[in-house]
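K.L.:
sequence? don't have it. structure:
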């Protein structure tokens, strides 16, 4: 076996994660057998488990990758932007993997206490980024000031969870642009009704 | 075997559904083995499958029961009330079964096309009840009139799905009262910010 550079190792790792993500999304955690992950990645189980201890570690790595991406987007553009991106990706329907992972995470949180414990830190990071950004927006005067930050954050998270479940169920979201406008408007400083009242 | 009245048959059926609901919620569809459903209901598999053809039919019956309850509540009190009830029940934490069913439905919608087809009609009934009530509320002048009914309905459904996922993940919802107030306010005629602006 020839020696492999760190770049090649990293590239391989990303390849495995992408294939595993697709498999988990398509078949669920239990259904994503090692054989299916082999097929999806085009790699042998030896190659796969050189990088990840077992299927569980592989799943956690996929989910952590997704969580890290999400923290970055929330910090820069907010949770509503994450929702808009999510919807756009679902429309193009060439990357359903991420959604499946989210739903699988929620299933395992419910049924697997060990997983729930390990996941708590990642979940916390996303929540912190959301609240931090809301605080900055309140300071900038764009946020409504009659409702606590914590309530606004939980409201946005509710909408986010709803979108995840909606898309994961394969329901259409073509006209969700205006639904997400409603979500955004609900946390903003003042509602401006577009039509005058009679 | 003594002859059994229709009332007794109906009571038995409800008993089986309650036990099956609890099993599906606790173990998921695959994990809810017939043995576990036997233990939960205190009935033999013979007795259980006298009423339901197979585990799949049993699951569908549980889910349909829940959907019918939901249609009734939506028609009378609206989807936000369904959410408030759901949250209250989750708090008391003695009936987590319904949530598990909801999440299991969403998983199967994603992975089981036959189930998705059979489920479409029930899902439609809940959606119809939501839109019908919104129309009545608009006629009564309590609904905002600058956003289409369809968008408002999808917004409420988004929040509902979010609540289902949130509770199903076992996350706390003690302070969700004010979050649901936000949801309700967002579809109402006019937002009244409680604090004056500086």
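P.N.:
Arrived safely, thanks for sending. Predicted, not measured: the structure shown is a model, and the values here were computed from it.

K.L.:
rest of the way, CA atoms for contacts and neighbours
P.N.:
Will do.

K.L.:
Spell out which parts of chain A neighbour chain B.
P.N.:
Neighbours of chain B within chain A, by C-alpha under 8 Å from any C-alpha of the partner chain: A:26-27, A:103, A:106-107, A:109-111, A:145-146, A:151-152, A:154-155, A:157-166, A:168-170, A:176, A:178-180, A:182-183, A:186, A:190-191, A:193-195, A:197.

K.L.:
from the residues you listed, which ones fall inside strands?
P.N.:
Members of those lying in strands (criterion: DSSP state E): none.

K.L.:
Output the contacting helices and strands for the lowest-mean-pLDDT helix or strand in chain A.
P.N.:
Using mean pLDDT, DSSP states H and E, the weakest-scoring helix or strand in chain A turns out to be helix A:97-111, at a mean of 69. Packing partners of helix A:97-111 (3 or more C-alpha pairs under 8 Å, 6 or more residues apart in numbering or on different chains; DSSP states H and E): helix A:6-31, helix A:55-77, helix A:113-139, helix A:149-168, helix B:149-168.

K.L.:
could you measure whatever residue of chain A ends up closest to chain B against residue B:160, distance?
P.N.:
Residue nearest to chain B within chain A (C-alpha to the nearest C-alpha): residue A:162, separated by 3.4 Å. Applying C-alpha to C-alpha, to the nearest Å, the value for residue A:162 to residue B:160 is 7 Å.

K.L.:
With residue A:86 instead?
P.N.:
From residue A:86 to residue B:160 the distance is 18 Å (C-alpha to C-alpha).

K.L.:
Which one of the two is surrounded by more residues?
P.N.:
In terms of neighbours (other C-alpha atoms under 10 Å in any protein chain shown), residue B:160 is the more surrounded of residue A:86 and residue B:160; the figures are 25 against 19.

K.L.:
Now that one: closest residue in space that isn't a chain neighbour?
P.N.:
Among residues not flanking residue B:160 along the chain, residue B:83 sits closest, at 6.3 Å (C-alpha to C-alpha, 6 or more residues apart in numbering or on different chains).

K.L.:
how about that neighbour, what does it touch?
P.N.:
By C-alpha atoms under 8 Å, 6 or more residues apart in numbering or on different chains, residue B:83 lies in contact with B:160, B:163, B:180.

K.L.:
same deal with residue A:154?
P.N.:
Residues in contact with residue A:154 (C-alpha under 8 Å, 6+ apart) are B:176, B:179.

K.L.:
Recalculate using a threshold of 10 Å.
P.N.:
Taking C-alpha atoms under 10 Å, 6 or more residues apart in numbering or on different chains, we find residue A:154 in contact with A:127, A:130-131, A:160, B:173, B:175-176, B:178-180.

K.L.:
One more: residue A:139?
P.N.:
By C-alpha under 10 Å, 6+ apart, the contact list for residue A:139 reads A:133, A:145.

K.L.:
tell me the pLDDT at it?
P.N.:
What the model reports for residue A:139 is a pLDDT of 95.

K.L.:
Mark which of the contacts of residue A:154 are buried, thanks.
P.N.:
A:127, A:130-131, A:160, B:173, B:176, B:178-180 (16 or more other C-alpha atoms under 10 Å in any protein chain shown).

K.L.:
Include pLDDT and distance to residue B:32 when you put the residues you listed into TSV, please.
P.N.:
Output for the buried ones among the contacts of residue A:154, formatted as TSV (pLDDT from 0 to 100; distance: C-alpha to C-alpha, whole Å):
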residue	pLDDT	distance to residue B:32
A:127	92	33
A:130	94	37
A:131	96	39
A:160	92	29
B:173	83	27
B:176	91	31
B:178	95	36
B:179	96	34
B:180	96	33
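
K.L.:
For residue A:36, state which of the contacts of residue A:154 is nearest.
P.N.:
Taking C-alpha to C-alpha as the measure, residue A:36 lies nearest residue A:160 of the contacts of residue A:154, at 30.1 Å.

K.L.:
circling back to that earlier point, ok, which of the helices and strands packed on helix A:97-111 comes nearest residue B:119?
P.N.:
Closest to residue B:119 of the helices and strands packed on helix A:97-111 is helix A:149-168 (C-alpha to C-alpha; 14.6 Å).

K.L.:
Run the angle between the closest one and helix A:113-139 for me.
P.N.:
Between helix A:149-168 and helix A:113-139, the angle comes out at 120 degrees (axes from the mean of the first three to the mean of the last three C-alpha atoms, to 10 degrees).

K.L.:
mind checking how far helix A:149-168 is from the chain centre?
P.N.:
12 Å (C-alpha atoms, centre = their mean, to the nearest Å).

K.L.:
cool, stretch A:107-116 as well?
P.N.:
17 Å.

K.L.:
can you check stretch A:166-175 too?
P.N.:
Stretch A:166-175 sits 15 Å away from the centroid of its parent chain (C-alpha atoms, centre = their mean).

K.L.:
From the opening residue of it to its closing one, how far?
P.N.:
13 Å.

K.L.:
May I see the buried residues of that stretch?
P.N.:
Under 16+ other C-alpha under 10 Å, the buried positions of stretch A:166-175 are A:166-170, A:173.

K.L.:
Show residues contacting it.
P.N.:
A:25, A:86-88, A:90-91, A:93, A:96-104, A:160, A:162-163, A:165, A:179, B:103, B:105-111, B:116, B:150-151, B:154, B:157-158, B:161-162.

K.L.:
From those residues, keep the buried residues only.
P.N.:
Listed as buried from the contacts of stretch A:166-175 are A:25, A:86-87, A:90, A:96-104, A:160, A:162-163, A:165, A:179, B:103, B:105-111, B:116, B:150-151, B:154, B:157-158, B:161-162; burial here means 16+ other C-alpha under 10 Å.
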